[in-house]
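Engineer: One predicted model, sequence on top.
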Amino acid sequence: MIAMDLMHHSSCFLLPTIPLQRRPSLTYALLVLNQNLPRFTPLLWNHAQLHLCADGGANRLYDEMPLFFPQEDASDVRRRYKPDVIKGDMDSIRREVLEFYASLGTEIVDKSHDQDTTDLHKCVTYIRDSASGLDKSNLCVLVVGALGGRFDHEMGNLNVICRFSSMRIVLLSNDSLIHLLPRTYCHEIHIQTSVEGPHCGLIPIGTPSKSSTTTGLQWDLNNTAMEFGGLVSTSNIVKEEKVTVQSDCDLLWTISIKKL
Ligand SMILES: Nc1ncnc2c1ncn2[C@@H]1O[C@H](COP(=O)(O)OP(=O)(O)OP(=O)(O)O)[C@@H](O)[C@H]1O
Ligand SMILES: Cc1ncc(C[n+]2csc(CCO)c2C)c(N)n1
């Protein structure tokens, strides 16, 4: 049997400081979508080296970032949290918001002619192909505002993580996070118990899994088959600080985010 490479996962981006011993050390890009900003957005912003808004996501940044800093002047907060790039089909961003960030030097990429890919897709393509000066060897894209809200958007967002399965992309809301576990690796997930868990799920996306095996969960899978219309592992519980997953299919991993 061929030994599979191990892939490590950790939500240490939800911690105020990322532990130095974190291996491999990742570079983060933050991508803001058009939904309420999660409460930890300023924290993710500080961890990230590149900041993008998908079209109407720029309105959220403009409107909601100042609400996290009620003592400060809104305009000062907006200047401090200036996105590097705004990309999309530009049918949702307000003119005043576009003009404000453009005047600060934000790069505006108007893809209004492309009505076949979502704004999230367009932004991930930008990060993959155009973001110069960013170390992409160990890049992780944190996407805020990706869950909850309109179901077609949520499914479109999940489709993006499947389409870009070789990139690390994490979809986040106030309540949970989701990322893909590609079938080509064995996975070790280090649970940050101060900020995440215990509720979790493993969901076969796209194709049925003939065999998935886990350790560290209350209801572990043991060479178990999963498929939509059959068994999928929802409402599972993390029992150990390290969870391992191996499967013949790409799986979605989801875990709850603690309130405080
Ligand atoms: N309610 C939502 N739930 C989840 N994701 C969302 C939601 N609204 C927007 N998004 C995400 O934010 C991105 C930018 O949103 P925006 O509203 O600008 O998109 P849009 O292209 O105008 O969408 P549509 O034309 O379908 O309303 C979308 O591509 C999507 O990924
Ligand atoms: C089969 C099919 N379904 C829906 C759309 C519409 N659509 C998909 S992504 C997008 C851009 C949203 O910013 C739009 C309008 C399409 N083109 N093809």
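Structural biologist: Yep, that arrived. Ligands and ions are numbered 1, 2, ... in the order given.
Engineer: So what touches stretch 9-17?
Structural biologist: With Cβ atoms under 8 Å, 6 or more residues apart in numbering as the test, stretch 9-17 has contacts from 18-19, 22, 28, 40, 43-44, 47, 140, 142, 170, 177, 179, 181, 187-192, 194-196, 253, 255, 257. For every residue, glycine as well, the C-beta is placed using N, CA and C.
Engineer: where does the stretch 1-150 of the chain dip in pLDDT?
Structural biologist: The model of the stretch 1-150 of the chain has pLDDT under 70 over residues 1-2, 20-24.
Engineer: residue ranges for the helices of it, please.
Structural biologist: 41-47, 57-64, 74-80, 95-104, 119-129 (DSSP state H, counting those that start in this stretch).
Engineer: returning to what we had before: can you tell me which of the contacts of stretch 9-17 end up in strands?
Structural biologist: Of these, the ones assigned to strands by DSSP state E are 28, 140, 142, 170, 177, 179, 181, 187-190, 196, 253, 255, 257.
Engineer: what helix or strand is residue 230 on?
Structural biologist: For residue 230, there is no host helix or strand (DSSP states H and E).
Engineer: can you count the residues close to it?
Structural biologist: 10 (other Cβ atoms under 10 Å).
Engineer: Surely it and residue 208 touch.
Structural biologist: Yes. Under the criterion of Cβ atoms under 8 Å, residue 230 makes contact with residue 208 at 7.3 Å.
Engineer: correct me, but residue 157 touches residue 144?
Structural biologist: No. With contacts counted by Cβ under 8 Å, residue 157 stays clear of residue 144, the gap being 11.1 Å.
Engineer: neighbour count winner among these two?
Structural biologist: Taking other Cβ under 10 Å, residue 157 and residue 144 do not tie; residue 144 has more neighbours (25 against 21).
Engineer: Can you turn the buried part of the contacts of stretch 9-17 into a ChimeraX selection?
Structural biologist: Here is the ChimeraX command that picks out the buried ones among these, judged by 16 or more other Cβ atoms under 10 Å:
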select :28,40,44,47,140,142,170,177,179,181,187,188,189,191,192,195,196,253,255,257
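Engineer: who wins for proximity to ligand 1 among the helices of the stretch 1-150 of the chain?
Structural biologist: Closest approach to ligand 1 among the helices of the stretch 1-150 of the chain (Cβ to the nearest ligand atom): helix 119-129, 3.5 Å.
Engineer: Which other helices and strands does that closest one contact?
Structural biologist: Using 3 or more Cβ pairs under 8 Å, 6 or more residues apart in numbering; DSSP states H and E, the elements in contact with helix 119-129 are strand 27-32, strand 48-54, strand 85-88, strand 139-144, helix 151-163.
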